[in-house]
Structures are given as C-alpha cells and as structure tokens.
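Visitor: for reference, the sequence and a predicted model appear below.
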Amino acid sequence: MTNTRNSLLGRTADITIDRQQGSRNVGHKHVRYCVKAGYFTAQQELPREKRQMIYIMGAEDITESFSGMILGTIKRPETGQLLLVAAPEGKLFCEPQIRECLGFYERQHHSDFQFYMSIACGMILIKDYGDVIRFLLAQDRKTGKISFIKDGIRYGETEKNAAVRTVSENTGISPDVRNDFRTEYVVGTPDNRKQKTIIYLGQYKEKKLRIPEDCGFRTVNLEFEKAVKSLDDPQERILLMEAKDYYESKRKSRNNLQETQ
C-alpha cells in the first residue's frame, strides 16, 4: 500500500462507513471524529485492525456504503501508517479544506499529506494610466511562458489572502483588491491530478517593483492586445478579457458618477 501511495489518488472504490461523525477514537477516548470514517468494502472480511482506514468527507447523508474517490493520502511518520481521504463521487475537496477538517487529529502526528486536487491563487494586475490600462504578467525565466502571477495556497490562508501574499512576495506590490471580481477553474495536471486556480483582480500604483533574486519569473507590463496574445493558457486569455470588460465598466460608472456630481 505504501509503495502505491501516489497511484491511489483519484481512484474510485466502494467504501463502507464504520465510524460516524462525533464517535470516539478507539485509542484516544478524548478525541471525537470530526468526519465519518470507513474502509474499502472489499476488506469487509478482514479484522478491523487490518482494514485500510479512510477518512470520509462530504458524506453527511450517507450512513452505510457508497462509491467514492480517493482525494488524499496521509502518512504518519512515527509509525509509517497510511490513511486515506475520500469523498462520494462528484464531490471534490482541495488541500486547505482537507487539512482544516482533519487537523483535529493528524497535527499531533506531524502527518505528511498528499492531495488529488491542489489549489493555486493569483491575480490579474491592472495599472491604470488614464488613457490606457496595462496588465502585469509573469514570464517564466526558463520556459518563457507568460501567465498570471499565482502560487499555491498555504494552510490557514483565505483564498484572497493567498493571492495578495503571492503578489506581494514576488513583486513588492500591495494590490488594491476592493472589487468583487473572482473566478475559478479546474484543469488536469501532467500527473493525472486536478488543480483549481482562483483568480482575483487587483490594481496597483507602484512605479518600481521589488523582485526577489530567486524568483522564477520576470514581469512584463503589456497593453491588452499584446497581453491577451502573449498568455499561453487559453483559459487565462478568456479571464483577461473578462477582467478588462469588468474593470472598464466599473471605471465608466465611476466617471459618470463624478460627472453628475
């Protein structure tokens, strides 16, 4: 089982519930499960201690067996024990959700997590020059590919905080994100997992950026036509067009309001 840890992610299996939410942990009576737990139905004839333990998320309405997907693996370093995280088919939970839900017990083991779905947060950065708006994008130093500035979310962060932190750490910009533009999309990764990307819209005024020496990208400041053609990801091209339309509609509304006052 340990040797196939990565290959388990994204697999589906029949799972049987044997511990309900709120039940006490057998070895630690003071601990109650915050989620349901179970095992592979195919292991039903095995003694309980030999069954593969599976934490189950999103199964509030399920009481016995169901078909689920493996969304995470948890390895406890002191014992080498491997636990799984699953959810009913059709429900996907990301890294922060799983960590938050299972931290009640796994933190004391300093457990190592791996996830089927990761989450990245980033930002479309606009600089308004009055007569024209330009977009600040990231160009990978090795591949030359251009994309939005984004990075993985850290445990305990909100999605917006992660996006702001990513921009601030890599550029020195303190973006203004006082708008309600937010979008997300899910794509497959080369290792057959999923990644959810969450993008916000931010405006900035800094004239000089502070790029860390070890930063993996350089920045490019482009007008819309060139920016949309430069993006390598078709999904990001669509988002850039949506962000531009959103920003220009808000700017037009502000200008009309100022003219009437």
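Guide: Yep, that arrived.

Visitor: avg pLDDT for the lengthiest helix in the chain?
Guide: If you go by DSSP state H, the chain has its longest helix at helix 234-260. Averaging pLDDT along helix 234-260 yields 89.

Visitor: which elements pack onto that helix?
Guide: strand 117-128, strand 133-140, strand 182-188, strand 194-203, helix 224-230 (3 or more Cβ pairs under 8 Å, 6 or more residues apart in numbering; DSSP states H and E). All C-beta atoms are positioned from the backbone trio N, CA, C, and that covers glycine.

Visitor: mind giving me the packing neighbours of the first one?
Guide: Applying 3+ Cβ pairs under 8 Å, 6+ apart, one finds that strand 117-128 makes contact with helix 95-106, strand 133-140, strand 149-152, helix 159-171, strand 194-203, helix 234-260.

Visitor: what residue ranges in the stretch 101-250 of the chain are flagged as low confidence?
Guide: Within the stretch 101-250 of the chain, no stretch falls below the threshold (pLDDT under 70).

Visitor: if you set the cut-off to 90 instead, what comes out?
Guide: When residues are selected by pLDDT under 90, those of the stretch 101-250 of the chain lie in 101-110, 118, 130, 153-157, 188-193, 207, 213.

Visitor: re the thing from before, now render the helices and strands packed on helix 234-260 as JSON lines, adding mean neighbour count and distance to Arg254.
Guide: Listed next are the helices and strands packed on helix 234-260 as JSON lines, based on neighbours: other Cβ atoms under 10 Å; distance: least, Cβ to Cβ, whole Å:
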{"stretch": "strand 117-128", "mean neighbour count": "21", "distance to Arg254": "11"}
{"stretch": "strand 133-140", "mean neighbour count": "19", "distance to Arg254": "13"}
{"stretch": "strand 182-188", "mean neighbour count": "13", "distance to Arg254": "20"}
{"stretch": "strand 194-203", "mean neighbour count": "21", "distance to Arg254": "12"}
{"stretch": "helix 224-230", "mean neighbour count": "15", "distance to Arg254": "19"}
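
Visitor: out of the ones you listed, which gets nearest to Leu84?
Guide: strand 117-128 (14.5 Å; Cβ to Cβ).
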